[in-house]
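Engineer: 3D, please:
(one chain, ligands or ions: 2)
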Amino acid sequence: MRTRDAVARDYYGILGVDREASDDEIKRAYRKLARRFHPDVNPDPEAQEKFKDINAAYEVLSDDRKRQIVDLGGDPLAPGGGAGGPGGPGAGPFAGFQDIMDAFFGGAAGGARGPRPRTRPGADAILRLELDLQETAFGVEAPINVDTAVLCTTCSGAGTAAGTHLATCETCGGRGEVQSVQRTFLGQVVSARPCTVCQGYGTTIPHPCPTCAGDGRVRTRRSLTVKIPAGVEDGMRIRLAQQGEVGPGGGTPGDLYVEIHERPHDVYSRKGDDLHCRVTVPMTAAALGTRLTIKTLDSEETVDVKAGTQPGSTLRLRARGVPHLRGTGRGDLYVHLDVRTPTKLDADQERMLRDFAKTRGEEVAELTKQGGFFSRMRDAFNGHA
Ligand SMILES: [Zn+2]
Ligand SMILES: [Zn+2]
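Structural biologist: Ligands and ions are numbered 1, 2, ... in the order given. Down below sits the predicted model:
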């Protein structure tokens, strides 16, 4: 055993952490070093000394009171050191045995875990629901079919056949785990692993329920109605509390999430709560101005197209979009105007349009039926235009 002199040991240095290290950082540093220098892993005598130091450092730094003594320049593990510290048996590097076991087995060591419960909470479930824009915009009560595990009504979740009971597992005596004892440098180390006979439950089902085979739940299809509020959007999820999977052993059901999928609309495309649509107007109407009747999601609106409207112009109909999910009000409806150029002009129409162009001073070259535009271009380049 190393002799300790009056000089306080550098516990922070031993763990390689700084003086401001958090409890978590200290624990992490300790685990890392303990794994490396544990005598079961590293039989080297120097490693054993190192392991003792590591344990001592962890014992001190993981204890607020002892750490305070260190921070004040004392050594809580030194004989008589540290203002009436624990001292006596139980102090010293091995006092932290439980901590060592915690570090190695991740939590309560030994038999403290006990059998795991047969009844456990159920998982959440998710369901995809396709809706039309009309339904997402104004809300709907949608019927849905849900496939989940539900409570077994034959055994009410117990998993046992009528008139029978759970039996204590003979292999583990009901503890749910079997222990093995190892002799190590630290003394006896007791490790435990789940009992394979009862899968850690500590009990067995000698006569399982014939309906659920002991699971306490069965899969089935249910019909529900889900109330979709106005203004929901593609990808949103509605939570139905405790309508998910019933847990093993009839455990509390998880939640059911209904995920909204909005079908594309023939006329409107949606951006947030705004709607967009395209309306085609003839060139003459765009030039002269006109009045349009626009069918919105839930009404008909009359809007004026100003004279001289250009292709790609947009009309905005306020509050004719999708109602906001939270709060009041609605998005807007944007009407994008496409201006259509007339095609298939008859001779009269063509003449009128040429006359019109002439009065506007707009030069319009005349294309021949045979030559077409391309040959005229070529002629232009050859100087024959
Ligand atoms: Zn059952
Ligand atoms: Zn068992």
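Engineer: pull up the pairing partners for the helix or strand harbouring Val339, direction included.
Structural biologist: Using DSSP states H and E, Val339 maps to strand 333-340. Paired with strand 333-340 in the same sheet, following DSSP bridges, are strand 274-282 (parallel), strand 314-317 (antiparallel).
Engineer: highest average neighbour count across those?
Structural biologist: Comparing these on average neighbours per residue, with mean count of other Cβ atoms under 10 Å, the densest one is strand 274-282 at a mean of 16. Every C-beta, even on glycine, is put in place using the N, C-alpha and C of the backbone.
Engineer: now that strand, how far from the centre of its chain.
Structural biologist: Relative to its chain's centre, strand 274-282 lies at 37 Å (Cα atoms, centre = their mean, to the nearest Å).
Engineer: what sits up against that strand?
Structural biologist: 267-270, 290, 292, 294, 297, 305, 309, 320-322, 331-340, 342 (Cβ atoms under 8 Å, 6 or more residues apart in numbering).
Engineer: among the residues you listed, the buried ones, what's the ChimeraX command?
Structural biologist: Typed into ChimeraX, the next command selects the buried ones out of those (criterion: 16 or more other Cβ atoms under 10 Å):
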select :268,270,290,294,297,305,309,320,321,322,331,333,334,335,337,339
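Engineer: show me which residues of this protein sit near ligand 2.
Structural biologist: Cys169, Thr171, Cys172, Cys195, Val197, Cys198 (Cβ under 5 Å from the ion).
Engineer: quick one: contacts for the closest residue in space to the fourth one that isn't next to it in sequence?
Structural biologist: Right, the one you point to is Cys195. If the residues on either side of it in the chain are set aside, Cys195 comes closest to Cys172, at 3.8 Å by Cβ to Cβ, 6 or more residues apart in numbering. Cys172 makes contact with Pro115, Val178, Cys195, Val197, Cys198, Gly202, according to Cβ under 8 Å, 6+ apart.
Engineer: the third one: how many residues sit nearby?
Structural biologist: Read it as Cys195. 22 (other Cβ atoms under 10 Å).
Engineer: was I right about it contacting Glu177?
Structural biologist: Yes. Cys195 is within contact range of Glu177, at 5.6 Å (criterion: Cβ atoms under 8 Å).
Engineer: ok so, going back, averaged pLDDT, the strand holding Val339. What do you get?
Structural biologist: Average pLDDT, strand 333-340: 97.
Engineer: what does that strand rub up against?
Structural biologist: Taking Cβ under 8 Å, 6+ apart as the rule, strand 333-340 contacts 268, 274-283, 286, 292, 294, 296-297, 303, 305, 309-317, 320-321.
Engineer: now do stretch 44-54
Structural biologist: With contact meaning Cβ under 8 Å, 6+ apart, stretch 44-54 is reached by 2, 9, 14-15, 30, 33-34, 36-39, 42, 93, 185.
Engineer: using the three-state scheme, assign Asp75.
Structural biologist: Assigned by DSSP: H, G, I helix; E, B strand; the rest coil, the conformation of Asp75 is coil.
Engineer: what does Tyr30 give?
Structural biologist: helix.
Engineer: what about it, neighbour count?
Structural biologist: 25.
Engineer: cool, and Thr148?
Structural biologist: Neighbours around Thr148, by other Cβ under 10 Å: 21.
Engineer: any idea which element it lies in?
Structural biologist: According to DSSP H and E, Thr148 maps onto strand 140-151.
Engineer: list of residues touching the helix or strand following that strand?
Structural biologist: As assigned by DSSP H and E, the chain's next helix or strand after strand 140-151 is strand 167-168. Applying Cβ under 8 Å, 6+ apart, the set of residues contacting strand 167-168 from outside is Gly174, Gly202, Thr203, Thr204, Ile205, Pro206.
Engineer: what's the domain layout of this protein?
Structural biologist: 7-76, 268-382 (the TED database).
Engineer: how close does Lys27 sit to Ala21?
Structural biologist: 10 Å (Cβ to Cβ, to the nearest Å).
Engineer: checking the residue nearest to Cys195 next. Helix, strand or coil?
Structural biologist: Reduced to three states by three-state DSSP, Cys172 is coil.
Engineer: per-residue pLDDT, it?
Structural biologist: Looking at Cys172, the pLDDT reads 93.
Engineer: please shift the residue numbers so they start at 43 in all later answers.
Structural biologist: Renumbered: residue one is now 43, and that last one reads Cys214.
Engineer: just how off-centre is stretch 329-346 within its chain?
Structural biologist: For stretch 329-346, the gap between its own C-alpha mean and the chain's C-alpha mean amounts to 44 Å (Cα atoms, centre = their mean).
Engineer: contacts for that stretch?
Structural biologist: So stretch 329-346 is contacted by 175-176, 179-180, 309-310, 317, 319, 321, 323, 347-351, 357, 359, 362-364, 375, 377 (Cβ under 8 Å, 6+ apart).
Engineer: report the secondary structure state of Ser233.
Structural biologist: strand.
Engineer: isn't it up against Gln224?
Structural biologist: Yes. Judged on Cβ under 8 Å, Ser233 makes contact with Gln224 at a distance of 6.9 Å.
Engineer: of the two, which one has the most company?
Structural biologist: Between Ser233 and Gln224, counting by other Cβ under 10 Å, Ser233 is the more crowded of the two (15 against 11).
Engineer: ok, of the contacts of strand 209-210, which come out buried?
Structural biologist: For the contacts of strand 209-210, buried by 16+ other Cβ under 10 Å: Gly216, Gly244, Thr245, Thr246, Ile247.
Engineer: quick check on the last one: phi, psi?
Structural biologist: When quoted as degrees, to the nearest 10, the phi and psi of Ile247 stand at phi -110, psi 100.
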